[in-house]
Structure formats: structure tokens, C-alpha cells
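Engineer: Can you look at this prediction? I've put the sequence above it.
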Amino acid sequence: MNRRNVLSGAVKAGSALTIGAAPFAAPHRAQAATTISFVSWGGSYGDFVKEFWIKPFTAETGISVEYVDGPDLAKVKAQVTSNNVLWDVFDAGGPAAYAGAKEGLWESVDPKLIDPARFVRKRPPFAVPTAIYTGGIAYDPSRTKYPASDFGQFWDITNFPGRRALRSLAEQTLEPALLADGVAPGELYPLDVKRAFTALDRIKPHTKKWFAATAEGVKLIQTNEVDYTITFANRVRAAKESGVSIDFSFGQCFSETQYFTVVRGSPRKEAAMLFLEFVTRPEQQVLIGNKLGAIPVTKGAEQQLNQQARRWLPDPNNPKNVLINDEYWADHFVELDKRFKEWILT
């Protein structure tokens, strides 16, 4: 499955569902006294979720949602193994979602409540996809007149000087490192881990900040702490439209599918599942596409995106782009996450 398949699959599926026509009846307000916790990533994305997903969900169902910043898979595992589950819905990138499934951290999603046929791509049994996000290079055009446009140039300190910041997340850093080192997108997996860390050794002296919170990718540019970050297009779009001097290169991108999961053992499982059903309705997927510039995952939603949103989508015909392989990370997330965090500290 490559990036072109994702978009073309959505287009072909467009006639299969009319926006607003949900295959299931809306849930009743039977859970009015229930509050679920939702751990997610904050920033402009968090603002969207609170305003356009949580508020209308609560209005429809009576279920309130407590928003918690900072998803952490290790904390989920601790909650599950201690039988003290505090988080109900977990917002996970594909690598973390699949790795958590391998460790038995998620509840199965009821196909009677959320029809697998609702989605453009096959839905895993333990999660629902919520959007596809585009990662790439961000910079301030007022400071950087001739910016790096792909990961090879991002790594090229001589010809593209400037302070760098990179994620402290292995699953959003090893792939750019290998692409920068000349690995062809179609030959990326399985990852050549030794080669990736060798490439990271070269960029490490020029990396001024390793950041975990997604919102920092924009903030570090805005506050002039660095000249380049690798972050997500939707975050850059929100900042740019609010007046921040920032831009994003679509010269080379990686796309990552985001998932919502329900933590195994959640005492509020039923209410949490209703939230998953709500956010994956076609009309909610149109909203995240139009408001954030993310790629919808529900059939028919992408055809309803406005022109402004389409300008923030990657070119499906660009051979330099890649789609993160969730299945690979399911088998390697824990070991590579540990190795990467240790490498940063050395």
C-alpha cells in the first residue's frame, strides 16, 4: 500500500456513500452520567477535536469527554497490567497503535457498531483510523529564502545551513533519516536500522532540540529557536492561517495513519466505543479534512473537501513520498523506541 493507493482508493469509493448517511442509528443519551477520558496530542489539533468532535458528541449522547495531553504507550501498559485503567480512548499513530495491539493493550472494536466497510482502507480489529497526516519539513520563509525541500537537503547542513529540530519519536525519525541517506521510498522496509542511526549520527550535532509534543514543531520555528523542523502539514497550516510566518515543503513527505483505540479493561468501554463511532462518521471526516488539512479515512469524505484543504494535501504522484508501514512497527516499535531514546541521551 503506497500513498497513491490511499488517495485513489478514496476517489473510487466516493460513490459508495453519501455524506451524512450513517449506516447506524445515532446513539441515544443513555450514558448521560458518563465521563470518558481521551488522551491526545494538544495544539491546533487538540483545539479542533474539542470544538468539532467532543462538543457535538457530548451534545448528542450526554457523554462528557475529559481531554488529557500526552499519549504514552508505557503508561497504557502500566494501567492495563495493574488493572487500574484511567484512560479510555487513546490517540495513537499507526506504529504505536499496532505495537500496543501486539501487547494486548486494546479492546476489540465491535464491527456491528462501526462497520469496517465504512473506511477507505481495511480497518484493524483493535482500532479505528481517524485521519492520515502528512509529515515533512517546516521553516520560516522570512528567514530561510532557499529552504530545504526534501530530507536529503534537510540533512545537508553545508548547502542548507540552519538550526534543526527533530522528533524524539523513533517512528517519525528513522524513515526520514534513511530517505535522507538515499534509500529509495519503495525499498524502505524493512528498515536498515544500522544505516538509519549512522545517518542520525551525522545530523545529531546540528539538532538543537529533540521534541516529543507535536505542537512544538511549529512553536520552535515561531519563536526562532530553530530554522527547520520535521512536523505535520496540518499544524503548519493552522499556524500560517493564524498569521505565523511559517511554511511547509511538499517536496518529500511521509504519511502516517492516526488511530483511536479503547484501552483494554476500560470500565467505560461502551461509551468510549460510541466516541469512536462518532468521529469516523463521514461528516466528521469532512470536518477534519477541511479544518485541518488531514486526509479523511471514511469513504466518500475526501470528495467533499474544499479547495483550501486540497492545497494542503501531498501530491499522490510524487515518487519521493512514503506511507509509514504500521505492520513493520508492530514488530519493532518497542525495541527501536528504546534504542532511539537511549541514542538521544548519548
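Structural biologist: Good, I have the coordinates. Being a predicted model, the structure only gives us computed values, none of them experimental.
Engineer: Report the distance from the biggest helix by length in the chain to the chain centre.
Structural biologist: Under DSSP state H, the helix in the chain containing the largest number of residues is helix 326-345. Its chain's C-alpha centre lies 17 Å from the corresponding centre of helix 326-345 when counted by Cα atoms, centre = their mean, to the nearest Å.
Engineer: How about stretch 154-168?
Structural biologist: Here stretch 154-168 shows a centroid-to-chain-centroid distance of 23 Å under the convention Cα atoms, centre = their mean.
Engineer: What of stretch 252-262?
Structural biologist: Taking Cα atoms, centre = their mean, one finds the center of stretch 252-262 at 4 Å from the center of the full chain.
Engineer: tell me the contacts of the nearest residue to V109 once chain neighbours are set aside?
Structural biologist: Beyond its immediate neighbours in the sequence, the residue positioned closest to V109 (Cβ to Cβ, 6 or more residues apart in numbering) is V128, lying 6.0 Å away. For the C-beta atoms, the positions are set from N, CA and C on the backbone; glycine is no exception. Residues touching V128, when contacts are defined by Cβ atoms under 8 Å, 6 or more residues apart in numbering, comprise V109, I114, F119, Y259, F260, L276, V279, T280.
Engineer: Turn these into a markdown table, columns for pLDDT and secondary structure.
Structural biologist: Listed next are these as a markdown table, based on pLDDT from 0 to 100; DSSP: H, G, I helix; E, B strand; the rest coil:
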| residue | pLDDT | secondary structure |
| --- | --- | --- |
| V109 | 97 | coil |
| I114 | 96 | coil |
| F119 | 96 | strand |
| Y259 | 97 | strand |
| F260 | 98 | strand |
| L276 | 98 | helix |
| V279 | 97 | helix |
| T280 | 97 | coil |
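Engineer: Counting neighbours, which of those residues comes out on top?
Structural biologist: Among the contacts of V128, Y259 has the most neighbours (other Cβ atoms under 10 Å), with 27 neighbours.
Engineer: for that residue, which residues make a bridge with it?
Structural biologist: A92, P129 (DSSP bridges).
Engineer: where's it relative to M273, distance?
Structural biologist: When distances are taken as Cβ to Cβ, to the nearest Å, Y259 and M273 turn out to be 14 Å apart.
Engineer: Okay, strands next: where are they in the stretch 51-200 of the chain?
Structural biologist: Under the criterion DSSP state E, counting those that start in this stretch, the stretch 51-200 of the chain carries strands at the ranges 64-69, 89-93, 128-139, 164-167.
Engineer: so which of those strands gets nearest G43?
Structural biologist: Put simply, out of the strands of the stretch 51-200 of the chain the one that sits nearest G43 is strand 64-69, at 9.2 Å, with distance taken as Cβ to Cβ.
Engineer: how big is the angle separating that closest one from strand 89-93?
Structural biologist: On the basis of axes from the mean of the first three to the mean of the last three Cα atoms, to 10 degrees, strand 64-69 is oriented at 40 degrees to strand 89-93.
Engineer: partners of strand 64-69 in the sheet?
Structural biologist: In the sheet, strand 64-69 lines up against strand 35-40 (parallel) (DSSP bridges).
Engineer: What residues of the partner strand count as buried?
Structural biologist: For strand 35-40, burial by neighbour count (16 or more other Cβ atoms under 10 Å) applies to I36, S37, F38, V39, S40.
Engineer: check contacts around the nearest residue to S64 once chain neighbours are set aside.
Structural biologist: The shortest distance from S64 to any residue that is not its chain neighbour, by Cβ to Cβ, 6+ apart, is 4.6 Å, and that residue is T35. Shown here is T35, whose contacts under the criterion Cβ under 8 Å, 6+ apart are I63, S64, V65, E66, R268.
Engineer: G217 now?
Structural biologist: Counting by Cβ under 8 Å, 6+ apart, G217 touches A138, A165, R167, F211, T229, I230, T231, F232, R235.
Engineer: Buried ones in the helix or strand hosting it, by neighbour count?
Structural biologist: Using DSSP states H and E, G217 maps to helix 216-222. Residues of helix 216-222 classed as buried: E216, G217, V218, K219, L220, I221 (neighbour count, 16+ other Cβ under 10 Å).
Engineer: got CSV for these, with pLDDT too?
Structural biologist: Below are the buried residues of helix 216-222 laid out as CSV (pLDDT from 0 to 100):
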residue, pLDDT
E216, 95
G217, 95
V218, 96
K219, 96
L220, 98
I221, 98
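Engineer: Select, from these, the two members most distant in space.
Structural biologist: Of all pairs drawn from the buried residues of helix 216-222, the widest gap by Cβ to Cβ lies between E216 and I221 and measures 9.6 Å.
Engineer: Between those two, which contacts overlap?
Structural biologist: Residues touching both E216 and I221 comprise T229, with contact defined as Cβ under 8 Å, 6+ apart.
Engineer: Report pLDDT for the most centrally placed residue in the chain.
Structural biologist: Nearest residue to the geometric centre of the chain (Cα atoms, centre = their mean): Q258, 4.2 Å. For Q258, the model assigns a pLDDT of 95.
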